[in-house]
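[1] The sequence and its predicted three-dimensional model are supplied below.
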Amino acid sequence: MLEINNLHATVAGKPILNGLSLTVPAGEVHAIMGPNGAGKSTLSYVLGGRPGYEVTGGTVTFIGEDLLAQEPHERAAAGLFLGFQYPVEIPGVSSMQFIRESLNAQRRARGQADLSGAEFIRLARAEAAELGMDVDMLKRPVNVGFSGGEKKRAEMVQMGIMRPRFAVLDETDSGLDIDALRVVGAEINRIMRGPDRAALLITHYQRLLDYVQPDRVHVLAAGRIVRSGGPELALELEREGYAEVA
Ligand code: ADP
Ligand code: MG
Ligand code: MG
């Protein structure tokens, strides 16, 4: 599904990713953990194609295609979804409009017809219900006035509607209380678990991984994967800290 080989990237001329290699096969969920400033969010931005994040070496193959040669919207149309550590607020655009336009743009890119307004509302209502969210929340401007936890849950509704092939979820657990964590964990399993899907969970804490059992856990430090292991590695990190383990 995703194969990153010796990736180097700079931000504002500063090297942040320094030879990062990582393979995530279809059907698997991997976790990336690591200290603050290691480059975890930078990795997700580079995968998404965010301007200002310059790739200076290495390759990324996504479902057999050269990801780095694609524009951000082409990456999304190919099935890549990013959940942001700090979701942006977009005053003047409702979540409904935003998600519907994103979905229909992807459908067009795949040669499918737009969903009608009624079909979209039905889908949005069903996905919001899975998150225990009132669909009326999505009539408000994107993330404006949402609490941290509401932003994360709104992203999960968006993911449920978009049904990506591959999701990179950057600290989706931050700002969630224990009940919301359980609901969001169940949603990640429901939406992203499957033979032709995969996900990369970026997280500081083991606690999300109690709900979404990763197949592999990787430690990112100073822009490279310095250790990989099974789910037990997350527990070891929680116990020992990054300095000991990495
Ligand atoms: P993490 O998500 O692992 O905490 P980040 O990817 O956010 O780490 O940041 C990695 C490093 O890149 C940090 O040292 C951070 O200060 C730096 N960095 C990130 N974005 C920028 C930017 N826009 N300009 C300059 N430095 C940046
Ligand atoms: Mg950080
Ligand atoms: Mg980060």
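    Okay, I see it. Here the structure is a predicted model, which means the values were calculated and not measured. Ligands and ions are numbered 1, 2, ... in the order given.

[2] Every contact and neighbour count from this point should use C-alpha atoms.
    Fine.

[3] what's in contact with the helix or strand bottoming out on mean pLDDT in the chain?
    Each helix and strand of the chain was given a mean pLDDT (mean pLDDT, DSSP states H and E); the minimum falls on helix 242-245 at a mean of 74. Residues from elsewhere that reach helix 242-245, judged by C-alpha atoms under 8 Å, 6 or more residues apart in numbering: 34, 35, 236, 237.

[4] For those residues, which two are the farthest from each other?
    The distance between the two most remote of these (C-alpha to C-alpha) is 14.3 Å, for 35 and 236.

[5] neighbour-wise, which of these two wins?
    Between residue 35 and residue 236, counting by other C-alpha atoms under 10 Å, residue 35 is the more crowded of the two (17 against 14).

[6] my read: the more buried one touches residue 221, true?
    Yes: using C-alpha atoms under 8 Å, residue 35 is in contact with residue 221, at 6.7 Å.

[7] in the least confident helix or strand of the chain, what counts as buried?
    Buried residues in helix 242-245, counted by 16 or more other C-alpha atoms under 10 Å: residue 242.

[8] Could you do stretch 20-34 as well?
    Buried residues in stretch 20-34, defined by neighbour count with 16+ other C-alpha under 10 Å: 20-22, 24-34.

[9] For that stretch, measure first residue to last.
    Chord length of stretch 20-34, first to last residue, is 13 Å (C-alpha to C-alpha, to the nearest Å).

[10] pLDDT (mean, whole number) over that stretch?
    Regarding stretch 20-34, the rounded mean pLDDT is 97.
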